[in-house]
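Have a look at this fold, sequence not included:
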């Protein structure tokens, strides 16, 4: 366990010494800000217009955070662009730079190295959740009778999705020494897992198989307060 | 006494071609053992397998009697490895990097600080403790690489061409450092430079085309093929024909006006005869020595001794 923690610590250090982590955090913060203010603005406009539109305002938490144009849906649509940039170097950088020989010649298990790298990504993902958390806290002040349970479940779903993407990225990073190839492969793999649920659905066998593999739709359930889908992410 | 390193019938192939074939090495004591061979001979492959950085195709490696393949964590505790390219994290400072290496070698927390200070002092990098590795010169990066290999005080230090790419001053410093490290532990050191192995090692294993072609002490290596030429400096050298009158002399080569290389047919008394002739005929001999460059010939001979493996 100590080795896992040390590997994670060094990985996080490398991540934050490079500009990529900081750059992505800033871009993510801006994206969240834009999505949140857009969602808030459109709902405020509906409220001002009054009339039949007010009928839909009763689930304001869901409309601002969980709806089709909500914060989470908007942010998650572009999430696949962030994670490959962070995970591409996890293992391939070690292989390319020769530091993998330091790890291999040390008395540590391979799984400790892999878990250490993954732990680093899990911690970094918490930072992204903390950024989105700023807007959740802001929403708590701006929405009367906010649905706390829905927000927490949505944040959990968002975190699990980040961790799933990270696991895919880590795996892809193990397969190649080229970081760009690792990033593109992760991007492709996330794309395949997102769209596999829409392919050849007329065949029962394929439908059953793709139901378990498909990424799409899993998080949406959690955005609306259902936490049953978390097992999928844990197995991923 | 069990040996520090025992390699039995070690073979490894990349794809369909064998990189090393049936290597057997046993190292029993402290000191420096040289692994000599030309580029691509199989030195790095052997060292990588020895340190657990590569899984062998066939054969066994034992460190202190522990099989590296069966119990890798236990066997690797007593190894320090510097690969051909030092395994450095450029974004870390020297201290951060060495502490991480100590952690990876499962050192107790209380032992890390004194070990860190000791390793830095031995490698002469104490004044760079807080400097980013990225900002160090090649020579100092190499020193940091050596420091990570010795920080946990292993019984066996494996250095893969540690003087590669260094300038002459740095080479001298790194050689002195290796000698110091080897005082209380076994060091396996690889190089393709014969003179370097001659200077540092007391035992030599020569690999060529993936096979061991020579394994003995350095003295035995030096005597393996006796030099067949002498170098002389004379103030008044005679003509070529005069030299060839000396019994055993076969060929004369004038390097400069006063410097001569004389080839002979193995006659052990050639030096005495040359001195006697010089005194007799007034050649004014100032210096005479066996031609050490002939050792390169040994290297060449051994290199071509074994047919290549496939």
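On my side now, so go ahead. Here the structure is a predicted model, which means the values were calculated and not measured. Residues are numbered from 1 along each chain as shown, chains lettered A, B, ... in the order given.

shaky segments in chain A?
Within chain A, the stretches with pLDDT under 70 are A:53-57, A:216-236.

The residue nearest the centre of chain A sits in which helix or strand?
In chain A, the residue lying closest to the centroid (Cα atoms, centre = their mean) is residue A:162, at 2.3 Å. Using DSSP states H and E, residue A:162 sits in helix A:148-175.

from the chain's centre, how far out does that helix sit?
With Cα atoms, centre = their mean, to the nearest Å as the basis, helix A:148-175 stands 4 Å off its chain's centre.

and if you look at stretch A:87-107?
25 Å.

Report whether that stretch contacts chain B.
Yes: residues of stretch A:87-107 contacting chain B under Cβ under 8 Å from any Cβ of the partner chain: A:97, A:98, A:99, A:100, A:101, A:102, A:103, A:104, A:105, A:106, A:107. No exception for glycine: its C-beta is placed from N, CA and C like everyone else's.

Not counting its neighbours along the chain, what's nearest the fourth one?
Pointing back at residue A:100 there. In this structure, residue A:100 finds its nearest non-sequential neighbour in residue A:94, 4.2 Å apart by Cβ to Cβ, 6 or more residues apart in numbering or on different chains.

tell me the SS of that neighbour?
Classification of residue A:94 using DSSP: H, G, I helix; E, B strand; the rest coil returns helix.

For burial, what's the neighbour tally of residue B:239?
By other Cβ atoms under 10 Å in any protein chain shown, 9 other residues sit near residue B:239.

Check residue B:157 too.
24.

Angles on the backbone of it, please.
Note on residue B:157: its backbone torsions stand at phi -110, psi 130 [degrees, to the nearest 10].

quick revisit: just checking, what packs against the helix holding residue A:162?
Contacts defined by 3 or more Cβ pairs under 8 Å, 6 or more residues apart in numbering or on different chains; DSSP states H and E place helix A:148-175 against helix A:71-77, helix A:79-87, helix A:110-142, helix A:179-195, helix A:218-223, helix A:230-235.

Take those helices and write them to CSV, including distance to residue B:282 and mean neighbour count.
Compiled in CSV, those are given as follows (distance: least, Cβ to Cβ, whole Å; neighbours: other Cβ atoms under 10 Å in any protein chain shown):
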stretch, distance to residue B:282, mean neighbour count
helix A:71-77, 98, 21
helix A:79-87, 82, 21
helix A:110-142, 75, 18
helix A:179-195, 74, 18
helix A:218-223, 101, 21
helix A:230-235, 96, 14
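
Spell out which residues of chain B are next to chain A.
Counting by Cβ under 8 Å from any Cβ, chain B sits next to chain A at B:48, B:51-54, B:72-77, B:79, B:81, B:83, B:85-92, B:96, B:100-101, B:103-106, B:148.

could you redo the last one with a cut-off of 7 Å?
Residues of chain B lying close to chain A (Cβ under 7 Å from any Cβ of the partner chain) are B:51-53, B:73, B:76-77, B:79, B:81, B:83, B:85, B:87, B:89, B:91-92, B:100-101, B:103-106.

Could you identify the buried members of the residues you listed?
B:51-53, B:76-77, B:79, B:81, B:83, B:85, B:87, B:89, B:91-92, B:100-101, B:103-106 (16 or more other Cβ atoms under 10 Å in any protein chain shown).

how about low-confidence regions in the stretch 151-300 of chain B?
In the stretch 151-300 of chain B (pLDDT under 70), the answer is B:222-227, B:266-268, B:292-300.

Would you map the helices across it?
Using DSSP state H, counting those that start in this stretch, the helices of the stretch 151-300 of chain B run over residues B:168-181, B:194-200, B:218-224, B:240-244, B:270-281, B:294-303.

Can you tell me the closest non-neighbouring residue to residue 33?
If you meant another chain, say so; for now it's chain A. Residue A:33 sits nearest to residue A:135 (Cβ to Cβ, 6+ apart), 7.4 Å away.

think we crossed wires, I meant chain B
Nearest to residue B:33 is residue B:203, by Cβ to Cβ, 6+ apart, at 4.6 Å.

The one you found and residue B:215 touch, don't they?
No: the pair residue B:203 / residue B:215 is not scored as a contact, 8.2 Å apart, by Cβ atoms under 7 Å.

what about these two, which has more around it?
Neighbour totals were compared for residue B:203 and residue B:215, and residue B:203 leads with 20 against 17 (other Cβ under 10 Å).

which ones are touching that one?
Counting by Cβ atoms under 7 Å, 6 or more residues apart in numbering or on different chains, residue B:203 makes contact with B:33, B:34, B:217, B:218.

Return a ChimeraX selection command for the buried portion of those residues.
Listed next is the ChimeraX selection for buried residues among the contacts of residue B:203, using 16+ other Cβ under 10 Å:
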select /B:33,34,218
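
Between the contacts of residue B:203, which sits nearest chain A?
Relative to chain A, the closest of those is residue B:33; by Cβ to the nearest Cβ it sits at 17.9 Å.

Let's verify the closest one: helix, strand, or coil?
strand.

which residues does the closest residue to residue B:250 other than its chain neighbours contact?
Spatial nearest neighbour of residue B:250, chain neighbours left out: residue B:263 (4.9 Å); criterion: Cβ to Cβ, 6+ apart. Shown in contact with residue B:263 (Cβ under 7 Å, 6+ apart): B:228, B:229, B:250, B:251.

one more time with 10 Å, if that's ok
By Cβ atoms under 10 Å, 6 or more residues apart in numbering or on different chains, the residues touching residue B:263 are B:227-230, B:248-253, B:270, B:291, B:294.

That one bridge partners, please.
residue B:229, residue B:251 (DSSP bridges).

Would you mind listing what in chain A touches chain B?
Contacts of chain A with chain B, taken as Cβ under 10 Å from any Cβ of the partner chain, map to A:2-3, A:5-7, A:9-11, A:13-18, A:93-94, A:97-110, A:112-113.

Return the subset of these lying in strands.
Among the residues of chain A next to chain B, no member falls in strands (DSSP state E).

What's the PyMOL syntax to select whichever of those residues are buried?
Applying 16+ other Cβ under 10 Å to these, the buried members can be selected in PyMOL as follows:
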select buried, chain A and resi 3+6+7+9+10+11+13+14+15+93+94+97+99+100+101+102+103+104+105+106+107+108+112+113
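
gap between the two ends of stretch B:260-269?
18 Å (Cα to Cα, to the nearest Å).

ok, now stretch B:101-110?
So stretch B:101-110: terminal residues 15 Å apart, Cα to Cα.

quick one: average confidence on it?
Mean per-residue pLDDT for stretch B:101-110: 90.

can you pull up the bridge partners for the closest residue to chain A within the stretch 151-300 of chain B?
The nearest approach of the stretch 151-300 of chain B to chain A comes at residue B:158, 8.2 Å away (Cβ to the nearest Cβ). When bridges are called by DSSP bridges, residue B:158 pairs up with residue B:81, residue B:188.

That one contacts residue B:178, correct?
No: look at residue B:158 against residue B:178 with Cβ atoms under 10 Å: they stay out of range, at 11.6 Å.

So those two - more neighbours on which side?
Higher neighbour count among residue B:158 and residue B:178: residue B:158, with 27 against 21, using other Cβ under 10 Å.

could you list every residue that touches the more buried one?
So residue B:158 contacts A:105, B:5, B:33, B:35, B:46-48, B:50-51, B:53, B:79-83, B:149, B:186-190 (Cβ under 10 Å, 6+ apart).
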